[in-house]
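Visitor: A predicted structure for the sequence below; I have some questions about it.
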Number of protein chains: 2
Amino acid sequence: MRRGVAIDYVIWHTLQRYPNVEAVPVVTMADVAALADVSTATVSRVLTGRPGVGEATRQKVADAVERLGYRPNAVARSLRVDTTHTLGLVIGDICNPFFTELARAVEDAANAEGYSLILGNADEDADRQERYVDVLLNRRVDGLLVVPAVAHSDAIAMAVRQHAPIVFVDRELPGINVPVVRSNGRKAIRDLVEHLLTLGHRRIAIISGPEQASTGVERLTAFREALGVAGVPLPVDYIRHGDFQEVSGQVQMAALLALDEPPSAVIAADNLMALGALRTLRRGGLRIPQDMALASFDDSPWFELLDPPMTAIAQPTKEIGSIAVQTLLELMHRRAAPSRLLDCRLMVRSSCGEAANVRKN
Amino acid sequence: MRRGVAIDYVIWHTLQRYPNVEAVPVVTMADVAALADVSTATVSRVLTGRPGVGEATRQKVADAVERLGYRPNAVARSLRVDTTHTLGLVIGDICNPFFTELARAVEDAANAEGYSLILGNADEDADRQERYVDVLLNRRVDGLLVVPAVAHSDAIAMAVRQHAPIVFVDRELPGINVPVVRSNGRKAIRDLVEHLLTLGHRRIAIISGPEQASTGVERLTAFREALGVAGVPLPVDYIRHGDFQEVSGQVQMAALLALDEPPSAVIAADNLMALGALRTLRRGGLRIPQDMALASFDDSPWFELLDPPMTAIAQPTKEIGSIAVQTLLELMHRRAAPSRLLDCRLMVRSSCGEAANVRKN
DNA sequence: CTGAAAGCGCTTACAG
DNA sequence: CTGAAAGCGCTTACAG
């Protein structure tokens, strides 16, 4: 077997170099060069497809590579050329389908441009976020996409000061001037509120994100404005702050139900909190939408199949991901890149009531 | 501002070195050493916390690091110490909640051991899988976890021959001898079939995985055995092969419905195909479980909230992830590590019928 | 068309 | 306790 012979050669070779180590032979470019009887410079040239190598030589090298099962050491290459062809993405929570879909979109876009992606999951936690930003930058990713999980980040501030190419996705950080690619929920939220008003709802509450999260704030503001225009009051008790994770949706929905005058409709600012809210309603035996209407920011493949199908605001996730990567590439080439705001779409289903049986309260 | 001064120093320093480049200054260990007036060896010692450095020296170095905003180059370090403190994970499909949860568990376990994780999404595609395995190995991850997406992989076979530490998760590859960590669905599937039989079902079909996928085969075999024991026939038409993604669930359910004698119950071999099957049923206006019972392999947080709540087999995902990492670490230390098989649990909900209203057909 | 040599930014024996 | 120097595995001017 040819390959066996080649590998044995390497083992032997390695044992020569490290006579008293239980060798796990790792083939280097020097091994290839030796076997092909050329210099490492030449091996490097054929491996990177650089022109100006004789056909015969090229073949000799290719054979040696094949026989030895040579695996280029990307770490060494990166050190030399000062580029890793890797992008980093720090997301808020890998269990949140929105981020999952985003990661998928970013990965596709990155691959299409010849980059691989290292994914960091901050889990909506400040420390984990800081750690990941540093780790990825130390690993010398060529560019970094981050969904900031907290109001303030020393790691990011420092990185920006050092001119690391960074773009924010989905959320942003006050006072840090990097391009942001995200969706603008304003219009869709206005549509949603209108939808609720048409269905007769007048007591509408919101389970928003953390007070520091930019997306949370924006969604809340848009909500407040939409109600204001319609002249519908928004009691402070109707504004709940969750943390974008499921349990907070459960808790805040329970808190709303415990109010003297509970709302008749609730909007959750992300899909996990909507899931939590729904769970609380179900456990309490409440009917949707008769006892409580519920809508969600973020759509999901599951929503159509829930009981009842959930009305939701869909973000253009794929687009966000690919535009974010494009933006990052611009930055990496030291070109200016603008922030981008993309529109959302309201998906009317039946969790807020049917247009048919409009109700008054 | 101290930091401003320090950075200006670096810019100046860098410009000295590269007078005609629009400098993006990157601070190196040599810069720190120069500022602290020590050797790089000493800087390295304090940075890696090695003992035997005078307190005064240590402080000088720490100050310089701080002032310059020094960021260690992990690429250079890796080349030198021949370890990256990184694990790789190649999953089948990042949009599949099972893999997402798995990735989360693996990441947690890896972080706990001081490793970061590079995630590759094969998207159930052979080429993408091969590419990722190579890319990750070239990047010199210290170990690799893979959910093999196809029946045969040259990249993996080669890597194993080169003694790369690899463990399979969730699925395995025939003829490749590496530890496997996955769940054993046999018992839970037997429970599920029993559950269906008790409810009166006699025409039970399965939407299995691809014929080459080990998990698909195992689940199918367990299903066939369980029916065999009960003396219930399994027509060939009742065995459908999907690809673990949603659309195939839709298609195969439609095929089952088109049969002369359609089944009264269907088991989908993963959660995405279950979702697809459910969608087809809903679009066709069929009632569940009256017109068709449906159960899923893989549980999901959504299942409890579906219409109707879906009966499912839950895998111990967290455990699979953490045990897989432990197993990989053993391998990395060149210790033998056994394969591990973990039990699943049947979560009875109402998509197959209530125990109350048992039916006969 | 090909090779010798320098160098990327670290770490680590080896001396002192 | 500290430093000079070699070397990890590549790539790339520079010569020839």
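Guide: Ah, there it is. Residues are numbered from 1 along each chain as shown, chains lettered A, B, ... in the order given.
Visitor: Tell me how far A:Ala226 lies from DNA strand C.
Guide: Going from A:Ala226 to DNA strand C by Cβ to the nearest atom of the strand, to the nearest Å gives 52 Å. For glycine as for every other residue, the C-beta is placed from the backbone atoms N, C-alpha and C.
Visitor: quick one: contacts for that residue?
Guide: A:Ala226 is in contact with A:Ile189, A:Arg190, A:Leu192, A:Val193, A:Glu194, counting by Cβ atoms under 8 Å, 6 or more residues apart in numbering or on different chains.
Visitor: Out of those, which end up buried?
Guide: For the contacts of A:Ala226, a burial check counting by 16 or more other Cβ atoms under 10 Å in any protein chain shown picks out A:Ile189, A:Arg190, A:Leu192, A:Val193.
Visitor: where are the low-confidence patches of chain A?
Guide: A:1-24, A:355-361 (pLDDT under 70).
Visitor: how about the helices in it?
Guide: A:2-17, A:29-36, A:40-47, A:55-68, A:74-81, A:97-112, A:126-138, A:154-161, A:186-198, A:214-230, A:246-257, A:271-283, A:317-332 (DSSP state H).
Visitor: Adding distance to A:Ile206, write the ones you listed out as CSV.
Guide: Output for the helices of chain A, formatted as CSV (distance: least, Cβ to Cβ, whole Å):
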stretch, distance to A:Ile206
helix A:2-17, 64
helix A:29-36, 60
helix A:40-47, 57
helix A:55-68, 61
helix A:74-81, 47
helix A:97-112, 18
helix A:126-138, 24
helix A:154-161, 28
helix A:186-198, 9
helix A:214-230, 5
helix A:246-257, 9
helix A:271-283, 10
helix A:317-332, 22
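Visitor: just the ones you listed: most buried one?
Guide: Mean neighbour counts were compared across those using mean count of other Cβ atoms under 10 Å in any protein chain shown; the top stretch is helix A:271-283, at a mean of 24.
Visitor: before we move on, back to that, go through the buried ones among the contacts of A:Ala226 and name the one nearest DNA strand C.
Guide: A:Ile189 (46.9 Å; Cβ to the nearest atom of the strand).
Visitor: Which residue lies closest in space to the closest one, excluding its sequence neighbours?
Guide: Excluding the flanking residues, the one nearest A:Ile189 by Cβ to Cβ, 6 or more residues apart in numbering or on different chains is A:Ala222, at 4.2 Å.
Visitor: contacting residues around A:Ile156?
Guide: A:Val133, A:Val146, A:Pro148, A:Ile166, A:Leu173, A:Ile176.
Visitor: can you pull the contacts of the closest residue in space to the second one that isn't next to it in sequence?
Guide: In this case it means A:Val146. In space, and not counting its chain neighbours, A:Val146 is closest to A:Val90: 4.3 Å by Cβ to Cβ, 6+ apart. Counting by Cβ under 8 Å, 6+ apart, A:Val90 touches A:Gly120, A:Asn121, A:Ala122, A:Gln129, A:Tyr132, A:Val133, A:Leu136, A:Leu144, A:Leu145, A:Val146, A:Val147.
Visitor: farthest pair in the residues you listed?
Guide: Greatest spatial distance in the contacts of A:Val90: A:Asn121 and A:Leu144, 14.5 Å, computed using Cβ to Cβ.
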